[in-house]
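1. take a look and give me a structure for this.
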Amino acid sequence: MPLRSRSDAPGQGQGPVAGEDPFGDDDLFTPTLGERDDAIGFGRAFNPQSLWLASFFGGPICAALLFAINARRLGQQRLALHIGLGFGAVALTCVALGAWYAVDARLAGESLGLSAEETSQEASRNMRLAMRVAGVALGGVGYWLQRQRFRLFLHTGHEPAKALGPSILAIVVASIIALAIAFVVTLALV
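-> This next block holds a predicted model:
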């Protein structure tokens, strides 16, 4: 936006009008950080992209565990609670529905005269696919929720922690939890 002058004559009054902002409404000079971006309270956070990859292998329970831990490390205690509860509820629902589907597919296969091995393999394959899709979806939401805070974490000079060890541990813990839930649901349905 060009500055207005007092006179259109060349050489006269080239400065801004008194009382007017010399920068106008330029977006370059508006602050982009809000009140939530305080740049304090950081722990050694993980890169959310690497957690997204781990949630592909570990499923929705793994995504809930890793993103809740990372939100806490990024100084977002309230978000950590919401991720833990929200993602956890979605993850447990996915596992319970998957176990119900596996039992239902086996019973349907038996009624159609198919072998238990064929229906079990097909149900297992479909359940694993559904768990991967749910894990990637929750991982995408977790990444989206933490990306801005993680950028602030990097810009303040912090180094991200290595996520390989905690990711493998979360995958193992998530697998144990999923197997326990599937076992309980299977016992309840059969």
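
2. going by C-alpha atoms from here, please, whenever you check contacts or count neighbours.
-> Fine.

3. quick check on residue 161: phi, psi?
-> The phi/psi pair for residue 161 (degrees, to the nearest 10) reads phi -80, psi 160.

4. start at 4 instead
-> Got it, the first residue is 4 from now on, which makes the last one we talked about residue 164.

5. can you give me the helices in this structure?
-> Assigned by DSSP state H, the helices in the chain fall at 51-76, 80-114, 119-158, 167-192.

6. buried stuff in the first one?
-> When burial is assessed from 16 or more other CA atoms under 10 Å, helix 51-76 yields the following buried residues: 51-52, 54-76.

7. just the third one next, same as before
-> For helix 119-158, the buried set under the neighbour-count rule, 16+ other CA under 10 Å, comprises 122-123, 126-127, 130, 133-146, 148-149, 152-153, 155-156.

8. can you name every helix or strand that it contacts?
-> helix 51-76, helix 80-114 (3 or more CA pairs under 8 Å, 6 or more residues apart in numbering; DSSP states H and E).

9. state the mean pLDDT of the shortest one.
-> pLDDT averaged over helix 51-76 equals 92, rounded to a whole number.

10. what helices or strands is that helix leaning on?
-> helix 80-114, helix 119-158, helix 167-192.
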